[in-house]
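Chemist: Give me a model of this one.
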Amino acid sequence: MNKKKSIGKTGEDIAVNYLEKLGFKMLYRNYRAGHLETDIICEDETHILFVEVKTRTDTGRATRFGSARDAVDVRKRQRILECAKEYIYKNKPKKKPRIDVIEVYLDGRGELIPERGIRHIKNAVTA
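Modeler: Here you go, the predicted structure:
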């Protein structure tokens, strides 16, 4: 696994752990609908969440890629929304859908940065 994929998987693992601690039940990781993909699909008593995880490594200098949320541009938001619609069409969940973004920030050793490690942006993408 290359370094970029390894960092992404670490961020997704951290996001899954975070969501489980909040009481969400994991349904899928890396759910695919044709060429579309959603990092995490999970649910609680009232919502089904489609979660995009963006991970950045902070090496003590400004990242050339910007913040994690900056990577969820208009095109990416549209793809997340289309994937969620496809899932809903096929599976007909009874819970209210929501699309969230979770930012994960790791230090140079690949460990969660305590003071800014996770940022959960609820309703980050709306129809």
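
Chemist: any idea of the pLDDT on the closest residue to T126 other than its chain neighbours?
Modeler: Closest residue to T126 apart from its sequence neighbours, by Cβ to Cβ, 6 or more residues apart in numbering: I99 at 7.4 Å. (Glycine included, C-beta is placed from N, CA and C.) Here, the pLDDT recorded for I99 equals 95.

Chemist: Secondary structure element for I99, which one?
Modeler: strand 96-106 (DSSP states H and E).

Chemist: Could I get the buried residue list for stretch 115-123?
Modeler: By 16 or more other Cβ atoms under 10 Å, the buried positions in stretch 115-123 come out as 117-118, 121.

Chemist: Is it possible to get CSV of those that adds pLDDT, distance to V74 and secondary structure?
Modeler: Below are the buried residues of stretch 115-123 laid out as CSV (pLDDT from 0 to 100; distance: Cβ to Cβ, whole Å; DSSP: H, G, I helix; E, B strand; the rest coil):
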residue, pLDDT, distance to V74, secondary structure
G117, 86, 27, coil
I118, 93, 24, strand
I121, 92, 16, strand
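
Chemist: Include distance to E86 when you put these into TSV, please.
Modeler: As requested, the buried residues of stretch 115-123 are exported to TSV (distance: Cβ to Cβ, whole Å):
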residue	distance to E86
G117	31
I118	28
I121	22
